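**Q** need coordinates for the below:
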Amino acid sequence: MKIATDLAEALDYAHRHNVIHRDIKPANILMHEGRPLIADFGIALAVGAAGGGRLTETGLSLGTPFYMSPEQATGEQFVGAATDTYALGAVLYTKY
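**A** The predicted structure follows:
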């Protein structure tokens, strides 16, 4: 349960700073001294700088399909914090 709480707090921090990760998956969760870290913000979206939670272009989805939220998987124009929350839930359900 502590891993889930730590990961949720890390995502909350990113979201409060207007960053959407968009690729939460087990390979992007690293353990360091017993604490989980979220890595690989390579396709993260800085919401304020990118004009909202838009994808690269309408209909294009980025991320790992198995853990994607429905709106991200179908290429919806807008994604947000809920996208990461859904992916984290999928990871926790399948791995922990």
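**Q** which residues of the protein fall in helices?
**A** Shown for the chain, the helices assigned by DSSP state H span residues 2-16, 70-73, 81-95.
**Q** weakest of those by average pLDDT?
**A** Per-stretch mean pLDDT for the helices of the chain is lowest at helix 70-73 (a mean of 88).
**Q** how about the helices of the chain, which one is nearest Leu45?
**A** helix 81-95 (9.2 Å; CB to CB). For glycine as for every other residue, the C-beta is placed from the backbone atoms N, C-alpha and C.
**Q** return the set of buried residues in that closest one.
**A** Buried positions in helix 81-95, judged by neighbour count with 16 or more other CB atoms under 10 Å: 81, 83-88, 90-92.
**Q** next, format these as JSON lines and append distance to Ser69.
**A** Converted to JSON lines, the buried residues of helix 81-95 look like this (distance: CB to CB, whole Å):
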{"residue": "Ala81", "distance to Ser69": "11"}
{"residue": "Thr83", "distance to Ser69": "5"}
{"residue": "Asp84", "distance to Ser69": "8"}
{"residue": "Thr85", "distance to Ser69": "8"}
{"residue": "Tyr86", "distance to Ser69": "4"}
{"residue": "Ala87", "distance to Ser69": "6"}
{"residue": "Leu88", "distance to Ser69": "10"}
{"residue": "Ala90", "distance to Ser69": "8"}
{"residue": "Val91", "distance to Ser69": "12"}
{"residue": "Leu92", "distance to Ser69": "14"}
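**Q** Met68: which of these is nearest?
**A** Using CB to CB, these come closest to Met68 at Ala87, 6.5 Å.
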